[in-house]
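Visitor: Attaching a predicted model along with its sequence, questions to come.
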Amino acid sequence: MTDFSTYYPLWGRQLLAEFANINWQYGLALKTPVFEITEAEKRYGSWQAATRIIRISVRLITGHSWDITCQILKHEMAHQICSELFFEADGGHGPLFEKACNLLGLPAPFRRASGDLPEIAGTGPAENQQTEKGRQFIRRIGKLLALAGSNNEHEAALAMEKASQLMARHNLQQVQEDAQSEFTSLIINSKSKRLESWQHKICAILLRFFYVKVVTASLYDPLTNTLHKTIELFGRQENVAIAEYCYAFLAGQLASLWQQNRTKASGKGIRARNSYYLGLLQGFYDKLLAKEVLTVRPRPEKRETDRSANTEMAVLIRAEERELDQFVGMRFPRLRRRSGSGAMIYRDTYEQGRTDGGQIVLHKGVADQGGEQGLLLP
């Protein structure tokens, strides 16, 4: 069995930092407790009101994403709120505990008594009728994207356009039916201390065309004691799955196309490569924009009922946007928007990439992918 005891002080300091950040994010005034790393096998975390200790287990830290550790930390902070702000003596999981969880934006699966982690941490969304409908939608999109890999340019273009129409229609239908497909978050870990300009550009593409919200943040790696930059996707379950696939596909295409075309690029080194990457992504962005089908648009000179229907649909779409913003706000209540200063590029190489980017076609299926899929939280 690996001895992690030398890590305990490092993990304790990070838990202190997470506690302070959660306190600030949610506008709380909790006093800092004592943190203790334990080797308990049965409990992932606990709050000891008498001694003001929050205990977090080694099994949790080493066996799961740090994001899961932070959710368990929030659970114990909810107990602390009950003890020190609500003055609840029994420390149970009743109405006051639920109120405390709401203050911390704690997802429902992490509100139950400590012991087993929620199934969502390891196995994905629970089976239900709406989730199955979402999976059917993902499979249909996957088939269309596979067709988009055709060597026949006309067939590929038609497949891309059809996929775009299907996504727009599905999301419109979800809004119309007030469907219960739950919002989800998924973390893409860059495994790096910084995000490149091209990664931010992919995020802009996902935000604009794939019905998700995108937040860049950081996630602690307890085994290397480093912070990695992350990209977190928020949206309906099926939209998040497709957006994750598109991120991985585009990232892979950049490297592949650069290897094929680097001899034609002006400039040298990383700056030349990034210039080409940004050009590729801008070309792909322009292509999606040109093919975008507006399913909700003003229809002049139509009957009043048509105009009324369009107005009603616009209201529903704005309501959906607000609900998703509220869901994002549960995780990042003090989210700040920052604008980048812009990357230094070689203009000729950028334009060459932009031309090549117009030829990018999504060509792999979405469903049943292997490897790390990120963290899904309902």
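Guide: Thanks, I have the structure now.

Visitor: Can you get me a residue count around Ala17?
Guide: Ala17: 12 surrounding residues under other C-beta atoms under 10 Å. Where C-beta positions appear, they are placed from N, C-alpha and C, glycine not excepted.

Visitor: cool, and Gly94?
Guide: Neighbour count of Gly94, defined by other C-beta under 10 Å: 11.

Visitor: Would you mind measuring from the closest residue to it other than its chain neighbours to Gln80?
Guide: Leaving aside its sequence neighbours, Gly94 sits nearest to Glu88 (C-beta to C-beta, 6 or more residues apart in numbering; 8.0 Å). From Glu88 across to Gln80, the span is 11 Å (C-beta to C-beta, to the nearest Å).

Visitor: To which secondary structure element type does Leu219 belong?
Guide: strand (DSSP: H, G, I helix; E, B strand; the rest coil).

Visitor: hmm, I was thinking of Ser46
Guide: strand.

Visitor: Could I get the full set of helices for the chain?
Guide: 8-25, 58-63, 66-84, 95-103, 120-123, 129-147, 153-176, 197-209, 237-261, 269-291, 304-331, 347-357 (DSSP state H).

Visitor: what packs against the third one?
Guide: In terms of contacts (3 or more C-beta pairs under 8 Å, 6 or more residues apart in numbering; DSSP states H and E), helix 66-84 is packed against helix 8-25, strand 45-48, strand 53-57, helix 58-63, helix 95-103, strand 213-221.

Visitor: Including mean pLDDT and distance to Ser197, could those go into CSV?
Guide: Output for the helices and strands packed on helix 66-84, formatted as CSV (pLDDT from 0 to 100; distance: least, C-beta to C-beta, whole Å):
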stretch, mean pLDDT, distance to Ser197
helix 8-25, 96, 26
strand 45-48, 93, 39
strand 53-57, 96, 36
helix 58-63, 94, 33
helix 95-103, 93, 37
strand 213-221, 94, 12
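
Visitor: With distance to Leu195 added, can I get these in a markdown table?
Guide: Output for the helices and strands packed on helix 66-84, formatted as a markdown table (distance: least, C-beta to C-beta, whole Å):
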| stretch | distance to Leu195 |
| --- | --- |
| helix 8-25 | 19 |
| strand 45-48 | 31 |
| strand 53-57 | 28 |
| helix 58-63 | 25 |
| helix 95-103 | 31 |
| strand 213-221 | 6 |
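
Visitor: what's the closest of the ones you listed to Phe137?
Guide: strand 213-221 (19.1 Å; C-beta to C-beta).

Visitor: Contacts for that closest one next, please.
Guide: 14, 18, 65-67, 187, 189, 195, 200, 203, 206-207, 226-235, 324-325, 328, 331-332, 335 (C-beta atoms under 8 Å, 6 or more residues apart in numbering).

Visitor: Many thanks, I have nothing further to ask.
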